[in-house]
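Asker: sequence unknown, structure follows:
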Ligand code: 3PG
């Protein structure tokens, strides 16, 4: 597993969660994210365009692209084959984690309870997605889980936006925060790449100001 990828995600602190209906939007989306100062994307396997979109974003060479909503070993194969540098799952699947390990690709499985975090640790995973963050207790729940699991890092996603991202980033146990608010599906579909670049730049600026205090 490549710690370098986790380090890069931690450095950026934000992971735009992407749902693409048309792979033709991948390149302008990549340009908008990079132009906004956040060359990171988690492309979810929720649409048929995901694999091709990952391939296009990876080919740009300037985006740290991963695959999200990965539920099966076959999707791991397709994601890695297309150039995904990391794989994100909504839940904790031993099969997916072990398959990612065979590919030597970074994996971020989901875990929101103490039992799930412990199971992740038993699989050798110490950075987990905390999903769905908003309805799983939010930042308070992460802070509570971080008390016993001191070495674990969380990537909360689900229900996070410009209004509450600071609550999560304030926690030392949070490696990065994921969400669709920077590049919403509807905005991508409508070709609103200027707006995406601007909301990405706003999020990056917010992270910078949080870190400077
Ligand atoms: C995810 O898959 O990580 C979430 O669905 C993104 O959640 P959001 O749309 O509430 O940001």
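Answerer: Here it is on my side, so go on. Quantities reported herein were computed from a predicted structural model and do not represent experimental measurements.
Asker: From here on, just use CA atoms for contacts and neighbour counts.
Answerer: Fine.
Asker: what's the average pLDDT for the longest helix belonging to the chain?
Answerer: The longest helix of the chain (DSSP state H) is helix 193-212. In this model, helix 193-212 has an average pLDDT of 94.
Asker: so does that helix get close to the ligand?
Answerer: No - taking Cα under 6 Å from any ligand atom as the criterion, helix 193-212 and the ligand are apart, separated by no less than 13.1 Å.
Asker: ok, now stretch 166-177?
Answerer: No - against the ligand, stretch 166-177 shows no contacts by Cα under 6 Å from any ligand atom, the least distance being 9.4 Å.
Asker: and that stretch, how far from the chain's centre?
Answerer: Remark: stretch 166-177 is offset 13 Å from the chain centroid, using Cα atoms, centre = their mean, to the nearest Å.
Asker: Isn't residue 3 up against residue 107?
Answerer: No - in this structure, residue 3 is not within contact of residue 107 by Cα atoms under 8 Å, at 10.2 Å.
Asker: between these two, which one's more packed in?
Answerer: Comparing residue 3 with residue 107 by other Cα atoms under 10 Å, the one with more neighbours is residue 107, at 29 against 10.
Asker: which one is that one nearest to, not counting chain neighbours?
Answerer: Using Cα to Cα, 6 or more residues apart in numbering and skipping the chain neighbours, the partner closest in space to residue 107 is residue 87 (4.8 Å).
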